[in-house]
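Enquirer: quick one: sequence and predicted model below, then my questions.
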Amino acid sequence: MPNASTAMAPQAVQSMAQPKVEFQRLGKRFHRGSEAVTVMEGLDLTIREGEFVCVVGPSGCGKSTLLNMSAGLMRASAGKVLYDGAPVPEPNTKVGYITQKDNLMPWRTVKANIELPLQIRGAAKAEREQRVKEMIQLVGLAGFEKALPSELSGGMRKRVTLARTLVYQPEVIFADEPFGALDAQLRAIMQQELLRIWSASKSTVVFITHDISEAVALGDRVVVLSARPSRVKVDVPIDLPRPRDLSKLRFQKRFNELNEYLWSVLAEDLNAGDEV
Ligand SMILES: Nc1ncnc2c1ncn2[C@@H]1O[C@H](COP(=O)(O)OP(=O)(O)OP(=O)(O)O)[C@@H](O)[C@H]1O
């Protein structure tokens, strides 16, 4: 058992916000030839409107699978995924999905990449112009509208990806290790930017990461999944005040206690040589 005395996880305070995404007794099984692998079994979790929820767990426990099911890109084998209390539509066009790869279109400028989701949705030109302009300001890319992705740094490409997701005002953003490929300094900058943008946009965020300190720094809650077949092992409210200055967090006692506690929980499910 984790040494709870080092950092007793705070009691969850019941939020008054509406459930946005709910997983009820969720199960997922994959078939590979004659072999069946149960990745997830009996997973229960509720994400409320406006929350920033981080999910960590051992490698291969099904974190990306969980997001794919949440976005309506994959069906559950058992249980339910609810969005606003109803079965999740396939695909769910009210949500945004950001992955580690930015998938920008190399031949389109920054502006044209950000505009793409609005074009697909058939938005009028004036609205597209207005929204793209706002997004470019929000993510700090003014002056780079005409640049091609190949002319941008990794952090700038990530900003374009964020803007392209936010431009159609998704109610929920599912982020699958979005900053995993960035170096430490850029990562820190993008984390702070994401918090700023999230507090301005009021969307709900479900954020998958391998990095516990990133999860604690960003989240209202950190959910730890167990090894396969995965379920929720602990769901820890992060009682660090907002707004958070991420450059100062690591000097805070509570931040370090939460990190230590979550590590001890996660370590129970890791075997020697496993990755988080
Ligand atoms: N389409 C698929 N067909 C068969 N097996 C799959 C499929 N998608 C995922 N899996 C398997 O399901 C398990 C969970 O995969 P998933 O990518 O969701 O895990 P993860 O927790 O996100 O992993 P990581 O932390 O390494 O990114 C893995 O064993 C993977 O091989």
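Expert: Nice, I can see it.

Enquirer: now residue 123: how far from residue 206?
Expert: Distance of residue 123 to residue 206, given as C-beta to C-beta, to the nearest Å: 26 Å. In this view, the C-beta of every residue, glycine as well, is placed from N, C-alpha and C.

Enquirer: and the strands in the stretch 151-276 of the chain, which stretches?
Expert: For the stretch 151-276 of the chain, strands defined by DSSP state E, counting those that start in this stretch occupy the ranges 172-176, 204-208, 221-225, 232-237.

Enquirer: what's the answer for the stretch 1-150 of the chain, then?
Expert: Counting by DSSP E, counting those that start in this stretch, the strands of the stretch 1-150 of the chain are 19-32, 35-48, 52-56, 78-83, 86-87, 95-98.

Enquirer: most tightly packed of the ones you listed?
Expert: strand 52-56 (a mean of 25; mean count of other C-beta atoms under 10 Å).

Enquirer: average pLDDT for that one, rounded please.
Expert: Average pLDDT, strand 52-56: 97.

Enquirer: give me the contacts around that strand.
Expert: Contact partners of strand 52-56, identified using C-beta atoms under 8 Å, 6 or more residues apart in numbering, comprise 47, 63, 66, 198, 204-212, 214-216, 218-225, 262, 266, 276.

Enquirer: out of these, who's near the ligand?
Expert: residue 63 (C-beta under 6 Å from any ligand atom).

Enquirer: any chance of a ChimeraX selection covering the buried ones in the contacts of strand 52-56?
Expert: Burial among the contacts of strand 52-56 is assessed by 16 or more other C-beta atoms under 10 Å; the matching ChimeraX selection reads:
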select :47,63,66,198,204,205,206,207,208,209,211,212,214,215,216,218,219,220,221,222,223,224,225,262,266,276
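
Enquirer: how far away from the center of its chain is stretch 36-45?
Expert: 19 Å (C-alpha atoms, centre = their mean, to the nearest Å).

Enquirer: I'd say residue 165 and residue 99 touch.
Expert: No: contact criterion C-beta atoms under 8 Å: residue 165 and residue 99 do not qualify, at 10.4 Å.

Enquirer: of these two, which one has the most company?
Expert: Each of residue 165 and residue 99 has its neighbours counted (other C-beta atoms under 10 Å); residue 165 has more, 23 against 16.

Enquirer: tell me how far the more buried one lies from the ligand.
Expert: The spacing between residue 165 and the ligand, counted by C-beta to the nearest ligand atom, to the nearest Å, is 19 Å.
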